[in-house]
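# here are the coordinates; sequence isn't available:
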């Protein structure tokens, strides 16, 4: 079940005690810490499963609701279904975590604990931030002029494209236009270049369809674990005038990028999972 394609096992745990679900877009080489770093430090008997996104050409990848159904269906149809005790989400994964927690409650008849780590709504600006970040990673192989041009065209697309899905398509096109020659210059063969582009495409698609889900009502019952990074999570949303209500907030003095590897955060999660 946990290697079904929809889920991968982070912790085997005691299936009779229940399972904790973690929602994130994890990929090799990402700079941020991940749930596997967190769970290596958390003291808990629960099994922990992490989401794997549906294939890009799958019907489930066409909408935010499709992603949630893809993950939930594998839980619902499991022959030996354990009780889901908690659902966790990191960054934009917190949007999916809210919808998944609601779906799990329908399946098992009881509410799982909902834990959010630097939760963020997924918007057009979210896609732009990721595009700028990845273009910046190519500064060793792209000229300053090329980076400026890519960012300018991307910003124009943001300003003139009302639909998040259309913006996603344009940013993917731009990444391939500027990234293809840059990656070729550092010696990556065509297969490896395509693999990297597919990861970027999949990640932007994950963010774009998350924008279809409004998690704010479900977030009201959640516990938010916040970093002190001003441009991440609740800090960023509130700074931009978006008020988000959660049941409880726990602030950890740590940067967003490393928070899932932080010992103090792991200790807080250990306490929260003592259920």
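Arrived safely. The model shown is predicted, which means the values in this text are computed figures rather than measured ones. Numbering: from 1, shown residues only.
# and the strands in the stretch 1-150 of the chain, which stretches?
With DSSP state E, counting those that start in this stretch as the criterion, the stretch 1-150 of the chain has strands at 7-11, 19-23, 47-51, 84-90, 113-117.
# the second one pairs with which strands, and in what direction?
Taking DSSP bridges as the criterion, strand 19-23 forms sheet pairs with strand 47-51 (parallel), strand 84-90 (parallel).
# hmm, who's touching the last one?
What that stands for is strand 84-90. Contacts of strand 84-90 from elsewhere in the structure, counted by Cβ atoms under 8 Å, 6 or more residues apart in numbering, are 17-24, 34-35, 46, 75, 95-98, 100-101, 104, 108, 112-119, 260, 272-273, 275. To be clear about C-beta, it is placed using only N, CA and C from the backbone, and glycine gets the same treatment.
# cool, the shortest one as well?
Under the contact criterion Cβ under 8 Å, 6+ apart, strand 47-51 has outside partners 2, 6-15, 17-24, 26, 35-36, 39, 71, 82, 93, 96.
# relative to strand 7-11, how tilted is that strand?
Interaxial angle, strand 47-51 versus strand 7-11 (axes from the mean of the first three to the mean of the last three Cα atoms, to 10 degrees): 140 degrees.
# next one: the last one
Here the directions of strand 84-90 and strand 7-11 differ by 100 degrees (the same axes, to 10 degrees).
# residue 65 touches residue 100, doesn't it?
No: the pair formed by residue 65 and residue 100 falls short of the contact definition of Cβ atoms under 8 Å, at 10.8 Å.
# these two: which has the busier surroundings?
Using other Cβ atoms under 10 Å as the criterion, residue 65 and residue 100 rank with residue 100 on top: 28 against 14.
# what's the neighbour count on residue 41?
Residue 41: 16 surrounding residues under other Cβ under 10 Å.
# next: the one 5 residues further on.
Here the neighbour count serves as a burial measure; for residue 46 (other Cβ under 10 Å) it reads 23.
# same check, this time on residue 35
For residue 35, using other Cβ under 10 Å, the count is 25.
# identify the residues contacting it.
10, 22, 24, 26, 48, 50, 88, 90, 260.
# any chance of these in TSV, plus pLDDT?
Listed next are the contacts of residue 35 as TSV, based on pLDDT from 0 to 100:
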residue	pLDDT
10	95
22	98
24	97
26	91
48	96
50	97
88	98
90	98
260	98
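# if you rank those residues by neighbours, which is first?
Counting by other Cβ under 10 Å, top hit in those: residue 88 with 31 neighbours.
# now do that one against residue 224, distance only.
Distance, residue 88 to residue 224, using Cβ to Cβ, to the nearest Å: 11 Å.
# so for these two, which residues contact both of them?
Common contact partners of residue 88 and residue 224 (Cβ under 8 Å, 6+ apart): 116-117.
# residues in contact with residue 247?
220-223.
# mind running it again at 6 Å?
Applying Cβ atoms under 6 Å, 6 or more residues apart in numbering, we find residue 247 in contact with residue 221.
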